[in-house]
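[1] quick one, what's the 3D model for this:
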Amino acid sequence: MMNRYKQREDSSPLPGAAYIRFSSEMQSDSFSLDAQLRQIKEQAERDGVEIVKVFADPAQSAYRKKYRPGINAMREAARRGEFKVLYVHKVDRLARRLEWSLEIVHELQELDIIFKAVQQLFDSPSGELGVEPTPAAR
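    Numbers count the residues shown, from 1 in each chain. Have a look, this model is predicted:
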């Protein structure tokens, strides 16, 4: 199987991290922290990436700060170079507002960290947003 991301020269897998968040509005099992992490680990394995860190924020009602504690811990670890790929279930898991999510993705890009949302076509090795057109737009 061909690995999607370039491995290290010694053939060891790239170190990756997972960020998972459970929203109090989403009570579906498909969005549970365990389900998100399982899908992330499956994708990372296909990509030849080893998840070495998991950052999580459980549901927090009426969270008032821009970034939750798990996101801040992930950003600090990214600045320390602890991982090279960050996986999330979906982009909206990063922050309450899309512009905040995009700020995080940009920050990761500045640190040469690949961002990947496993349930969306959002992958940033080249810094581009990949979105398939809807049938009406084709």
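
[2] contacts and neighbour counts: CA atoms only from here.
    Fine.

[3] next helix or strand past the lengthiest helix in the chain?
    Ranked by residue count, the top helix of the chain under DSSP state H comes out as helix 33-47. Following the chain from helix 33-47 toward its C-terminal end, the next helix or strand by DSSP states H and E is strand 49-57.

[4] ok, and the closest non-adjacent residue to Thr114?
    Careful, residue 114 is Ile and not Thr. Val85 (4.5 Å; C-alpha to C-alpha, 6 or more residues apart in numbering).

[5] quick one: that neighbour and Lys66, what's the gap?
    In this structure, Val85 and Lys66 are 23 Å apart, going by C-alpha to C-alpha, to the nearest Å.

[6] more neighbours: which of these two?
    Between Val85 and Lys66, counted using other C-alpha atoms under 10 Å, Val85 has the larger neighbour count: 24 against 12.

[7] could you check how far that one is from Ala18?
    Counting by C-alpha to C-alpha, the separation of Val85 from Ala18 is 9 Å.

[8] same deal with Gly81?
    The gap separating Gly81 from Ala18 is 14 Å, by C-alpha to C-alpha.
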